[in-house]
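J.: what would the 3D arrangement of this be:
(2 chains)
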Amino acid sequence: MVETDKRLQVFNTLTRQKEFFEPLNPPHVGMYVCGPTVYGDAHLGHARPAVTFDMIYRYLNFLGYKTRYVRNITDVGHLENDADEGEDKVERKARLEQLEPMEVAQYYSNRYHYNMDQLNVLRPSIEPLASGHIIEQQELVKKILSNGYAYEINGSIYFDVEKYSKDYHYGELSGRKLEEMIPFTRELEGKSEKRSPYDFALWKKAQPTHIMRWPSTWSEGFPGWHLECSAMGSKYLGKVFDIHGGGMDLIFPHHEAEIAQSIAAHGHQPVKYWLHNNMVTINGQKMGKSLGNFITLNEIFAGNHPQLEKAYSPMIIRFFILQAHYRSTLDFSNDALQAAEKALKRLLEAYHQIDKIPAAETSSVNIHEIRQACFDGMNDDFNSSIVLANLFEAVKMINNTLIGTETLTQDDIGLLKKTFDDFLFEILGLANESSSDNSNLVNELINFLLELREEARNRKDWSTSDRIRNRLLKMGIEVKDTKDGPIWKIL
RNA sequence: GGUCUCGUGGCCGAGUGGCUAGGCACAGGUCUGCAAAACCUCGUACAGCGGUUCGAAUCCGCUCGAGACCUCCA
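T.: This next block holds a predicted model:
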């Protein structure tokens, strides 16, 4: 498969170690990633898994796998807490904005898609809605019930964790033991109809005020949160599939519950490799909805937030995310984004210089080594940070060949360009953001002004040349003089 | 309280038991009427204290500090 001679290794949360990636049915790969609950705008914390698993999806495809990528949209409102009472999140939003719940879901789905497109995140192969798979979820509940791992109370169905624990290991993904979880039960005794505090809902009977509800044999109600991923994952990828991804904060209880549900229903593990991205932090603390310290992508792209000194484009955000390894926390700050902006610019400008490199008889640097290092980085649990570091080495090479301190053959120049095309654009998905949608008229006008300015400069008429440059700058057009003549750009 | 992770030079951020990523900033230089930009060059850092080892930032222990999960959260 392709040129890489080393095999891909991935860190599996389930086994807590790196494992060689071997798909169940090569060349096919099934990957499921938890998508957003659509009741608010996407923030940086949503961008991280989207970009991370987009990179993984891209790399798997690059390696020649046929990947089916499923990422759900959670549009069934779920309760504010799993402990039962409380308002549905989507309904609450709908009430506040005086909309139909599905209107809320649609609205934020659209905005999510728009943001992801901006980030150059490829659309998944299938994007199922939880509300469109109520039947499948009910079927799963029935199966778990008939296998004896769930019980019904007042029209609601709960997963019987204690019963399950006798036969299987509840907590294997998050590294917990049930005994350790028992002492620290929250103060919800008496209030809940659940037998044990760590049981979770498979089906909830709807309160009279609850709008999002569906008929079932047990009650008019709605499915439990953990159920949709189990139901949709097995529907589209099979009862066991290769990769399941999501944020680390979903490991418990969400993914733990998914495993339990699937095993209770089908008797075996649903997923071979569990992959989890780490959190985005701000001031060292997790950026999250409940803490209210999140910054939405729209705010970042517009520079419209007190924490931001300026706007940062989607590609800067993508670069910023990929500069860290996906399993490390990533700390947000203005300085970090500014550094990312400059770094990305340097990378892209060097890329555009590749065509100007004069071919030499021999190469003084080894492009194959860099290319291989990029593969090695990706193969080592998708270490995009290593890939970027090597691309920056390539930047140095490009610039050095341009000033004549290094040389490259025509073949190596081609390989260099291919390496950027493959890794920077295709795998890391960092697209060129050109703001050159100016009309021809503007171009011609500016070029004419610069022509006049050049004539003035040749006469050493500095006052005229500076006047032109300053006036243009006032209009937001920056002029820079280079050896090859002036260049300009709209700020 | 339980489980777990992390602590790298001014900032961000990789990493392996010995060959000391990368980016940003700073500094020096090239270029240049000036300016700006661009480019080149440049930093032996790894919380503290012990231990293992020929050798540890990388392994072990302790201390200090930060954080995550245990309730919804990507």
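
J.: list the buried residues of stretch A:330-350.
T.: Residues of stretch A:330-350 classed as buried by neighbour count (16 or more other CB atoms under 10 Å): A:330, A:332, A:337, A:340-341, A:343-344, A:347-348, A:350. Bear in mind the C-beta positions are built from the backbone N, C-alpha and C, glycine included.

J.: cool, stretch A:304-314 as well?
T.: A:308, A:312-314.

J.: and that stretch, anywhere near RNA strand B?
T.: No. Using CB under 7 Å from any atom of the strand, we find that stretch A:304-314 stays clear of RNA strand B, coming within 12.7 Å at best.

J.: and that stretch, what's its mean pLDDT?
T.: Per-region confidence: stretch A:304-314 scores 89 on mean pLDDT.

J.: can you check stretch A:255-269 too?
T.: On average, the pLDDT along stretch A:255-269 is 96.

J.: show me the contact partners of it.
T.: Outside stretch A:255-269, the residues within contact range by CB atoms under 8 Å, 6 or more residues apart in numbering are A:14, A:140, A:143-144, A:147, A:149-150, A:159, A:161, A:164, A:168, A:170-174, A:176, A:200, A:202, A:226-227, A:229-230, A:233-234, A:239-240, A:244, A:246, A:270-271, A:274.

J.: and stretch A:323-336, by the same measure?
T.: A:11, A:44, A:48, A:52, A:55, A:276-282, A:284, A:287, A:295, A:307-309, A:320-321, A:340, A:343, A:381-385, A:388.

J.: now residue A:19, what are its backbone angles?
T.: phi -130, psi 150 (degrees, to the nearest 10).

J.: you'd agree it is up against residue A:7?
T.: No. Contact between residue A:19 and residue A:7 fails when scored by CB atoms under 8 Å: they sit 10.3 Å apart.

J.: burial count for residue A:478?
T.: As a burial measure, residue A:478 scores 12 neighbours (other CB atoms under 10 Å).

J.: no no, residue A:218
T.: Neighbours around residue A:218, by other CB under 10 Å: 20.

J.: show the backbone phi and psi for it.
T.: Backbone torsions of residue A:218, given as degrees, to the nearest 10, read phi -90, psi -40.

J.: on the pLDDT front, check it for me.
T.: Residue A:218 is given a pLDDT of 96.

J.: from RNA strand B, how far out is it?
T.: 20 Å (CB to the nearest atom of the strand, to the nearest Å).

J.: I figured that residue hits residue A:158, correct?
T.: No. Between residue A:218 and residue A:158 there is no contact under CB under 8 Å: 11.1 Å.

J.: now for those two: what residues contact both?
T.: Listed as contacting both residue A:218 and residue A:158 by CB under 8 Å, 6+ apart are residue A:152.

J.: before we move on, the earlier item: restricted to helices, list the buried residues of stretch A:330-350.
T.: Among the buried residues of stretch A:330-350, the ones falling in helices (DSSP state H) are A:337, A:340-341, A:343-344, A:347-348, A:350.

J.: which entries in the residues you listed are shared with the contacts of RNA strand B?
T.: A:340, A:343, A:350.

J.: ramachandran coordinates for the closest residue to residue A:449 other than its chain neighbours?
T.: Spatially, and ignoring its direct neighbours in sequence, residue A:449 is nearest to residue A:468 (5.7 Å; CB to CB, 6 or more residues apart in numbering). The phi and psi torsions at residue A:468 (degrees, to the nearest 10) take the values phi -60, psi -50.

J.: residues touching residue A:468, list them.
T.: A:449-450, A:452-453, A:456, A:479.

J.: contacts only, for the residue most central in space within chain A.
T.: The C-alpha lying nearest the average C-alpha coordinate of chain A belongs to residue A:50 (CA atoms, centre = their mean; 1.8 Å). By CB under 8 Å, 6+ apart, the contact list for residue A:50 reads A:42, A:116, A:119, A:121.

J.: repeat that for residue A:236.
T.: A:30, A:32, A:68, A:70, A:126, A:128 are the contacts of residue A:236 under CB under 8 Å, 6+ apart.

J.: for residue A:94, see how far away the first one is.
T.: If I follow you right, that is residue A:30. Residue A:30 sits 34 Å away from residue A:94, going by CB to CB, to the nearest Å.

J.: return the distance of stretch A:10-19 from the chain's centre.
T.: 20 Å (CA atoms, centre = their mean, to the nearest Å).

J.: contact partners of it?
T.: Against stretch A:10-19 from outside (CB under 8 Å, 6+ apart): A:9, A:21, A:172-173, A:175, A:243, A:251, A:269, A:271-276, A:327, A:380-382.

J.: repeat the analysis, applying 7 Å as the threshold.
T.: The contact list for stretch A:10-19, computed with CB atoms under 7 Å, 6 or more residues apart in numbering, reads A:9, A:21, A:172-173, A:251, A:273-276, A:327, A:381.

J.: picking up where we left off before, could you point out which element follows the helix or strand that contains the residue nearest to the centre of chain A?
T.: Using DSSP states H and E, residue A:50 maps to helix A:44-62. Sequence-wise, the next helix or strand downstream of helix A:44-62 (DSSP H and E) is strand A:66-71.

J.: which helices and strands sit right next to that next one?
T.: Judged by 3 or more CB pairs under 7 Å, 6 or more residues apart in numbering; DSSP states H and E, strand A:66-71 is in contact with strand A:28-33, helix A:44-62, helix A:227-237.

J.: can you give the domain ranges for chain A?
T.: A:9-277, A:281-427, A:440-490 (automatic domain parsing).

J.: need the winner for burial among the ones you listed.
T.: When the domains of chain A are scored by mean count of other CB atoms under 10 Å, the highest mean neighbour count falls to domain A:9-277 (a mean of 19).

J.: poorly predicted segments of chain A, please.
T.: A:1-5, A:79-86, A:182-191, A:433-441, A:484 (pLDDT under 70).

J.: what do you get if the cut-off is 50, keeping everything else the same?
T.: By pLDDT under 50, the weakly predicted segments of chain A are A:1, A:82-84, A:186-190, A:435-437.

J.: could you pull out the helices for the stretch 151-300 of chain A?
T.: A:161-167, A:178-181, A:227-237, A:256-266, A:297-302 (DSSP state H, counting those that start in this stretch).

J.: from the chain's centroid, how far away is the second one?
T.: A distance of 33 Å separates the C-alpha centroid of helix A:178-181 from that of its chain, computed with CA atoms, centre = their mean.

J.: ditto for the third one
T.: Average the C-alpha atoms of helix A:227-237, do the same for its chain, and the two points are 20 Å apart (CA atoms, centre = their mean).

J.: just the first one next, same as before
T.: In terms of CA atoms, centre = their mean, the centre of helix A:161-167 is found 34 Å from the chain centre.

J.: indicate whether it makes contact with RNA strand B.
T.: No. Contact of helix A:161-167 with RNA strand B (CB under 7 Å from any atom of the strand) is absent, the minimum separation being 11.1 Å.

J.: other residues contacting that helix?
T.: Here helix A:161-167 makes contact (CB under 7 Å, 6+ apart) with A:148-149, A:170, A:178, A:196, A:198-199, A:260, A:264.

J.: and if you look at the second one?
T.: Contacts made with helix A:178-181 from outside it, assessed by CB under 7 Å, 6+ apart, are listed as A:165, A:170-171, A:198.

J.: from memory residue A:218 sits against residue A:152, does it?
T.: Yes. Contact criterion CB atoms under 7 Å: residue A:218 and residue A:152 qualify, at 6.0 Å.

J.: please list all residues in contact with residue A:150.
T.: Shown in contact with residue A:150 (CB under 7 Å, 6+ apart): A:141, A:144, A:157-160, A:202.
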